[in-house]
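*Asks:* model the structure of this input:
(chains A and B)
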Amino acid sequence: MEKLLKILEGNARISLEDMATMINEAPETVAMKMDQMQKAHIINGYRALIDWEKAGVAHVQAIIELRVTPRRDCGFDEVAATIANFEEVDSVLLMSGGYDLSLVVKGTSFQDIALFVAKRLSPIEGVLSTATHFVLKTYKKDGVLYGDEMKDEREYQ
Amino acid sequence: MEYEKLMATAAKEMRPSGIRKFFDIAAEMKDCISLGVGEPDFKTPWAVRDAGITSLEKGKTWYTSNAGLKELREEICRYLSRRFSLEYEQKETLVTVGGSEAIDLCIRAFVNPGDEVIIPEPCYVSYLPITTLTGGVPVPVPLLAENKFKLTAEQLKAAITPKTKLLIMPFPCNPTGAIMRREDLEPIAEVLRGTDIMVLSDEIYAELTYGDMRHVSIAALDGMRERTVLVQGFSKAYAMTGWRLGYACAPEPVIKLMTKIHQSAIMCAPSTSQYAGIVALKTCDADIEKMRTEYDARRRFLVKGLNKMGLTCFEPEGAFYVFPSIQSTGLSSDEFCKRLLYDKKVAVIPGTAFGDSGEGFIRISYSYSIAHLSEAMHRIEQFLTELKA
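*Replies:* Here you go, the predicted model:
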């Protein structure tokens, strides 16, 4: 299963048959395993990795550090779930260290995100403080280098 | 100056590598895809690079002892015992500039002019020219696809004469991907026991075998350690080709003589590489496994794809090459490679670069990403379709 997940994580568009060959299983088995893993939420979706800057589409991202008061009964879960519901919010992570929640928020402009933080995020009950860091450039994401094409640097061809 | 007249005959007559020819053309071509590289596409594990850097930072840039750092030789002995159940001592170990130097030293240490060296072919390109350079006589033994490119006892017996000095055992094999399991090695050992024939066992791909069975060295068989020179190295297992680090293990008198040649020709292997090598052996078993798993997936991908398009491919069990037959196309290996290169800009190597018995085959390396291999396979398939039309 781990082998299959690693292949999928690298490239989810490899055909079922090729994946099956690579891990020495029948294509039907691979399809079944992928199905099962989707149902078990081990696989949570398949998406493209897009360099929006190259595509020329306005796209702004910010990483927001939140300090939150935990609730006695459910800790950070409730406030995290509330924040996760906003469609501007791309990811919500509970962190160790100097702050509690780390968010990735997406918008079309800096102002967009600033307004979202001021009007929707800050007023939520339990949110003590926010610190917004705008992303200026993506060099690498999800294990993939952005920008220059990967070159085979081996000289002894 | 009339250099042609001045230069040594034996050097001039050395067979040039047949690999280079195509790559010089391919290098000039735009959008050309190469499947020819004989080195890992992975980077050297970070811990190993870091060890090299640290040794430089500390200024450890002196010569080491001729035979190599004591600590490295100790680690080599531990590694061979742990991974291959081979028991060598430090004094039976010589650190060399890549496996290539160890091959050179071994042939020079044993071959007198006129001595015969049995070379199973197709095989790596350096055994034959080094043999001729020492005045030895290469005796090629053509390995057959129907035997899964393994050497058989009958073939070996037929090649032995009173002049036979050395047998080259190039397994796991570049270019065929063939391996020799214990049960294949036993009959070979049986032929050799009681003779004065030495074995040069080039096991540079020992870590890259696929399936549950690990590589077995011929030196591990009864009575074989005393007649074997084991050649190993860091290039393939740890993706360390450019570090130029290998080693030889053999009985002490043999290592002593090889060290004497090494001392005059080389002095010692690069010290930075030697410090890095210690860390590779100590900490990188998991890195080997990771790379091996990736190679295995690519190997399956290629073998299935090639067979599907009619290039019959025996299942290689070692190294990182497949060696499909192109006989169904009616073209010679050379012609096939030339046309594939000019028509579809895919560079592969004709089997004949590895000996005459490679005719009818091509070597494809899978030290490339699946995406790269996939594009190349697509082009080869197009080439075959157009060939048939």
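*Asks:* find the nearest non-adjacent residue to the closest residue to chain A within the stretch 201-350 of chain B, please.
*Replies:* With C-beta to the nearest C-beta, the shortest gap between the stretch 201-350 of chain B and chain A falls at B:Ala297, namely 3.8 Å. All C-beta atoms are positioned from the backbone trio N, CA, C, and that covers glycine. Spatial nearest neighbour of B:Ala297, chain neighbours left out: A:Met22 (3.8 Å); criterion: C-beta to C-beta, 6 or more residues apart in numbering or on different chains.
*Asks:* next, name the residue at the spatial heart of chain A.
*Replies:* Residue closest to the mean C-alpha point of chain A, counted by C-alpha atoms, centre = their mean, is A:Ser91 at 5.8 Å.
*Asks:* which ones are touching it?
*Replies:* Applying C-beta atoms under 8 Å, 6 or more residues apart in numbering or on different chains to A:Ser91 gives the contacts A:Ser102, A:Leu103, A:Val104.
*Asks:* switch the residues you listed over to JSON lines; also include pLDDT, secondary structure and distance to chain B.
*Replies:* Below are the contacts of A:Ser91 laid out as JSON lines (pLDDT from 0 to 100; DSSP: H, G, I helix; E, B strand; the rest coil; distance: C-beta to the nearest C-beta, whole Å):
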{"residue": "A:Ser102", "pLDDT": "97", "secondary structure": "strand", "distance to chain B": "26"}
{"residue": "A:Leu103", "pLDDT": "97", "secondary structure": "strand", "distance to chain B": "31"}
{"residue": "A:Val104", "pLDDT": "96", "secondary structure": "strand", "distance to chain B": "27"}
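*Asks:* who's in contact with the residue of chain A found nearest chain B?
*Replies:* Chain B sits closest to A:Met22 of chain A, with a gap of 3.8 Å, by C-beta to the nearest C-beta. Residues in contact with A:Met22 (C-beta under 8 Å, 6+ apart) are A:Lys3, A:Ile7, A:Ile14, B:Ala297, B:Arg298, B:Arg300, B:Phe301, B:Ile370.
*Asks:* alpha carbons of the helix or strand hosting the first one, as PDB, please.
*Replies:* What it means is A:Lys3. Using DSSP states H and E, A:Lys3 maps to helix A:2-10. Presented in PDB, the C-alpha positions along helix A:2-10 are these (Å, rounded to 0.1, in the frame of the first residue of the first chain):
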ATOM      1  CA  GLU A   2       2.800   2.400   0.900                       C
ATOM      2  CA  LYS A   3       4.400   1.900  -2.600                       C
ATOM      3  CA  LEU A   4       1.100   2.700  -4.300                       C
ATOM      4  CA  LEU A   5       0.600   5.800  -2.200                       C
ATOM      5  CA  LYS A   6       4.100   7.000  -2.900                       C
ATOM      6  CA  ILE A   7       3.600   6.600  -6.700                       C
ATOM      7  CA  LEU A   8       0.300   8.500  -6.400                       C
ATOM      8  CA  GLU A   9       1.800  11.200  -4.300                       C
ATOM      9  CA  GLY A  10       4.400  11.700  -7.000                       C
END
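*Asks:* which elements pack onto that helix?
*Replies:* Other helices and strands packing on helix A:2-10, by 3 or more C-beta pairs under 8 Å, 6 or more residues apart in numbering or on different chains; DSSP states H and E, are helix A:16-22, helix A:27-39, helix B:285-308.
*Asks:* report the angle between the longest one and helix A:2-10.
*Replies:* Translated: helix B:285-308. 80 degrees (axes from the mean of the first three to the mean of the last three C-alpha atoms, to 10 degrees).
*Asks:* name the residues of helix B:285-308 that come out as buried.
*Replies:* Buried residues in helix B:285-308, defined by neighbour count with 16 or more other C-beta atoms under 10 Å in any protein chain shown: B:287-288, B:291, B:294-306.
*Asks:* burial of A:Gly97, as a residue count?
*Replies:* For A:Gly97, the neighbour count with other C-beta atoms under 10 Å in any protein chain shown is 7.
*Asks:* who's in contact with B:Thr17?
*Replies:* Rather than Thr, residue B:17 is Ser. By C-beta under 8 Å, 6+ apart, the contact list for B:Ser17 reads B:Val125, B:Ala353.
*Asks:* rerun that using 10 Å as the cut-off
*Replies:* B:Phe23, B:Tyr124, B:Val125, B:Ser126, B:Pro129, B:Ile349, B:Ala353, B:Phe354 (C-beta atoms under 10 Å, 6 or more residues apart in numbering or on different chains).
*Asks:* B:Leu384 too?
*Replies:* B:Leu384 touches B:Met309, B:Gly310, B:Leu311, B:Ile326, B:Ser328, B:Thr329, B:Phe336, B:Leu340, B:Lys344, counting by C-beta under 10 Å, 6+ apart.
*Asks:* how much space between the residue nearest to the fourth one when sequence neighbours are not counted and A:Asp18?
*Replies:* It stands for B:Ile326. Closest residue to B:Ile326 apart from its sequence neighbours, by C-beta to C-beta, 6+ apart: B:Phe336 at 4.8 Å. According to C-beta to C-beta, to the nearest Å, B:Phe336 and A:Asp18 sit 25 Å apart.
*Asks:* could you check which of these two is surrounded by more residues?
*Replies:* The neighbour count for B:Phe336 versus A:Asp18, taken as other C-beta under 10 Å, is higher for B:Phe336 (24 against 20).
*Asks:* buried set for stretch A:48-64?
*Replies:* Neighbour-count burial for stretch A:48-64 flags A:Val60, A:Gln61, A:Ala62, A:Ile63, A:Ile64 (criterion: 16+ other C-beta under 10 Å).
*Asks:* out of the contacts of A:Met22, which comes closest to B:Leu35?
*Replies:* Of all the contacts of A:Met22, B:Arg298 has the smallest distance to B:Leu35: 11.0 Å, by C-beta to C-beta.
*Asks:* and that closest one, how far from A:Asp152?
*Replies:* Distance, B:Arg298 to A:Asp152, by C-beta to C-beta: 15 Å.
*Asks:* does any part of the worst-scoring helix or strand of chain A on mean pLDDT sit near chain B?
*Replies:* Every helix and strand of chain A was ranked by mean pLDDT, DSSP states H and E. The lowest is strand A:144-145, at a mean of 82. No: judged by C-beta under 10 Å from any C-beta of the partner chain, strand A:144-145 stays clear of chain B, getting no closer than 11.9 Å.
*Asks:* what does that strand contact?
*Replies:* Residues contacting strand A:144-145 (C-beta under 10 Å, 6+ apart): A:Gly10, A:Leu49, A:Asp51, A:Thr138, A:Tyr139, A:Met150.
*Asks:* circling back to that earlier point, helix or strand: which one has the residue nearest to the centre of chain A?
*Replies:* strand A:89-94.
*Asks:* mind listing what that strand pairs with, with the direction of each?
*Replies:* In the sheet, strand A:89-94 lines up against strand A:101-107 (antiparallel) (DSSP bridges).
*Asks:* tell me where chain B has strands.
*Replies:* Per DSSP state E, chain B carries strands over the ranges B:33-34, B:93-96, B:116-121, B:137-142, B:164-169, B:198-202, B:228-233, B:246-249, B:321-322, B:346-347, B:349-350, B:362-365.
*Asks:* closest to A:Ser96 out of those strands?
*Replies:* Nearest to A:Ser96, of all the strands of chain B, is strand B:228-233, at 43.5 Å by C-beta to C-beta.
*Asks:* now do that closest one, average pLDDT.
*Replies:* The pLDDT scores in strand B:228-233 average 98.
*Asks:* tell me what angle that strand forms with strand B:198-202.
*Replies:* 20 degrees.
*Asks:* how about the contacts made by the residue of the stretch 201-350 of chain B closest to chain A?
*Replies:* The contact partners of B:Ala297, by C-beta under 10 Å, 6+ apart, come to A:Lys3, A:Lys6, A:Ile7, A:Asp18, A:Met19, A:Thr21, A:Met22, A:Ile23, A:Asn24, B:Tyr366, B:Ile370.
*Asks:* now with 8 Å, please.
*Replies:* Applying C-beta under 8 Å, 6+ apart, we find B:Ala297 in contact with A:Lys3, A:Ile7, A:Met22, A:Ile23, B:Ile370.
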